[in-house]
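S.K.: All I have is the shape, not the residue letters:
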């Protein structure tokens with residue numbers, strides 16, 4: 001007879017993967033902790049036809065890690081699931097260790113899981129609540145306080161967190177019902193880490209009504225707010241900004257009529273797209289940039305006040321100086337040139353290239369923006385510099401923006 005918790009978890013997992021082919025290859029990241037072991041067992045039980053593959057990342061930071069990885073391998077062997085240990089080298093102790101370890105862990109898993117239809121992580125509702133508290137303590141806004149995503153794409157991988165609806169206590173009840181043990185990582189009790197401090201404070205938060213479930217629900221509501229903001233921005237963008245080839249130009253007058261949250265979002269997303277950054281700039285720096293009356297460098301970009309009460313965001317020349325790409329190629333993650341003879345090269349126009357564009361002032365674009373703009377060359381011969389009005393305009397195209 002299946003227990004109530006076991007039934008809930010298995011039903012949730014089946015529903016989560018309802019749109020995934022039954023015989024799909026599903027990767028499972030298993031550290032040996034209770035959450036990931038519960039996920040491994042639940043996937044095996046709920047998706048009997050799926051091809052499961054498991055991996056354990058050994059960061060080499062703890063003496064016990066190698067033994068834990070071997071323990072997971074033995075568990076997978078007993079379950080008939082293929083398992084690989086992924087060693088991580090040269091992760092030196094120091095500041096922000098957990099964040100750096102997380103980054104290399106995702107890199108290792110992505111490289112390993114390229115053939116998987118989904119790659120699953122064992123994050124629980126408890127992780128979601130702890131992350132919410134950490135970001136709340138940092139003063140994060142709507143985006144930072146949103147719930148962890150249950151599904152997303154990154155590094156050419158479809159990632160999944162199928163157990164976000166269940167707390168760590170729920171998952172340990174399930175393991176108990178299955179008669180399955182797990183490994184306890186001593187660092188999970190080390191108060192030197194902020195996450196552990198939040199975890200240890202949870203009993204006091206429970207007494208105040210800030211339970212894991214309540215915190216998780218609040219994070220989900222913040223996700224709904226984020227969705228609403230994203231939706232309304234679609235209509236607002238054309239009224240305050242325009243795409244000028246690879247630059248973004250804002251009307252300060254129009255921006256001044258909007259709530260600050262909209263302004264910050266539009267400027268931040270423009271900076272991230274132009275600068276090729278996965279994360280937004282710090283809010284304090286962003287606010288200074290928005291209010292600048294002088295040229296301001298931020299996030300690999302330059303913000304340039306222009307006449308007509310305009311604010312232009314361009315690529316910073318120092319960020320692309322010396323960056324070249326042979327055609328056909330994508331240059332600076334935004335520009336593409338099609339040339340199958342591979343005789344052309346994309347480069348930043350630079351000061352020298354700009355001297356070859358006699359009519360660049362007619363473009364109305366500032367010199368500092370044109371220096372970092374893409375140009376097409378054959379050896380030392382300038383073929384085209386579209387933003388500076390030189391040569392054929394359509395030989396270089398801008399790839400789609402994040403808001404299209």
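M.R.: Good, I have the coordinates. Bear in mind the structure is a predicted one, so any value in this text is a computation, not a measurement.
S.K.: Which residues does the longest strand seen in the chain contact?
M.R.: When the chain is parsed with DSSP state E, its longest strand is strand 51-58. The set of residues external to strand 51-58 that reach it, using CB atoms under 8 Å, 6 or more residues apart in numbering, is 23-32, 40, 43-44, 65-66, 68-69, 72-73, 76, 81-88, 104-105, 108-109, 112-113, 116. For glycine as for every other residue, the C-beta is placed from the backbone atoms N, C-alpha and C.
S.K.: What of stretch 277-289?
M.R.: Contacts for stretch 277-289 (CB under 8 Å, 6+ apart): 141, 143, 264, 267-269, 271-272, 296, 298-300, 303.
S.K.: still on that earlier bit, give the buried residues for the longest strand of the chain.
M.R.: Across strand 51-58, burial judged by 16 or more other CB atoms under 10 Å covers 52-58.
S.K.: now stretch 255-267
M.R.: Burial within stretch 255-267, assessed by neighbour count using 16+ other CB under 10 Å, is assigned to 255, 262-267.
S.K.: same check, this time on stretch 363-375
M.R.: 363, 365-366, 369-375.
S.K.: so what strands line up beside the longest strand of the chain?
M.R.: Strand 51-58 sits in its sheet next to strand 25-29 (parallel), strand 82-87 (parallel), going by DSSP bridges.
S.K.: Just give me how far the helix or strand that comes right after the shortest one sits from the chain centre.
M.R.: What it means is strand 25-29. For strand 25-29, the following helix or strand on the C-terminal side (DSSP states H and E) is helix 34-46. Relative to its parent chain, helix 34-46 has a centroid offset of 25 Å by CA atoms, centre = their mean, to the nearest Å.
S.K.: what helices or strands is helix 34-46 leaning on?
M.R.: helix 4-16, strand 25-29, strand 51-58, helix 65-79, helix 168-178 (3 or more CB pairs under 8 Å, 6 or more residues apart in numbering; DSSP states H and E).
S.K.: Give me the buried positions along the last one.
M.R.: Read it as helix 168-178. Neighbour counts using 16+ other CB under 10 Å place 168, 170-175 of helix 168-178 among the buried residues.
S.K.: for the helix or strand following it, packing partners?
M.R.: Following helix 168-178 in sequence order, the next helix or strand is helix 194-207 (DSSP H and E). In terms of contacts (3+ CB pairs under 8 Å, 6+ apart), helix 194-207 is packed against helix 125-137.
S.K.: Which SSE is immediately downstream of the helix it packs on?
M.R.: helix 142-145.
S.K.: And that next one, what's buried?
M.R.: Buried residues in helix 142-145, defined by neighbour count with 16+ other CB under 10 Å: 143-145.
S.K.: do stretch 19-37 as well
M.R.: If you call a residue buried by 16+ other CB under 10 Å, then stretch 19-37 has these buried ones: 26-37.
S.K.: What separates the first and last residues of it, distance-wise?
M.R.: 24 Å (CA to CA, to the nearest Å).
S.K.: What of stretch 40-54?
M.R.: From its first residue to its last, stretch 40-54 covers 8 Å (CA to CA).
S.K.: Now residue 267: closest residue in space that isn't a chain neighbour?
M.R.: If the residues on either side of it in the chain are set aside, residue 267 comes closest to residue 290, at 5.6 Å by CB to CB, 6 or more residues apart in numbering.
S.K.: what number of residues lie near that neighbour?
M.R.: Other residues lying near residue 290 total 20 when counted by other CB atoms under 10 Å.
S.K.: contacting residues around it?
M.R.: Residue 290 neighbours (CB under 8 Å, 6+ apart): 255, 263-264, 267, 311.
S.K.: just residue 337 next, same as before
M.R.: Neighbouring residues of residue 337 by CB under 8 Å, 6+ apart: 327-329, 331, 344, 346, 374, 376, 395-397.
S.K.: gap between the closest residue to residue 106 other than its chain neighbours and residue 86?
M.R.: Residue nearest to residue 106 in three dimensions, not counting chain neighbours: residue 155, with 6.9 Å by CB to CB, 6+ apart. Separation of residue 155 from residue 86 (CB to CB, to the nearest Å): 14 Å.
S.K.: Those two: which has the busier surroundings?
M.R.: residue 86 (18 against 13).
S.K.: Does that one touch residue 108 like I think?
M.R.: Yes - under the criterion of CB atoms under 8 Å, residue 86 is in contact with residue 108, at a separation of 4.5 Å.
S.K.: State the helix or strand in which the closest residue in space to residue 391 that isn't next to it in sequence lies.
M.R.: Excluding its sequence neighbours, the residue lying closest to residue 391 (CB to CB, 6+ apart) is residue 384, at 3.2 Å. Per DSSP H and E: residue 384 is located in strand 381-384.
S.K.: buried ones in stretch 286-302?
M.R.: Using 16+ other CB under 10 Å as the test for burial, stretch 286-302 gives 286, 289-290, 296, 298-302.
S.K.: per-residue confidence for the spatially most central residue of the chain?
M.R.: Nearest to the mean C-alpha position of the chain, counting by CA atoms, centre = their mean, stands residue 278 at 5.7 Å. Reading off the confidence values, residue 278 has pLDDT 81.
S.K.: Please enumerate the helices of the stretch 201-350 of the chain.
M.R.: Taking DSSP state H, counting those that start in this stretch, the helices of the stretch 201-350 of the chain run over residues 212-240, 252-255, 260-275, 283-290, 317-320, 350-355.
S.K.: Right, I'll call it a day here.
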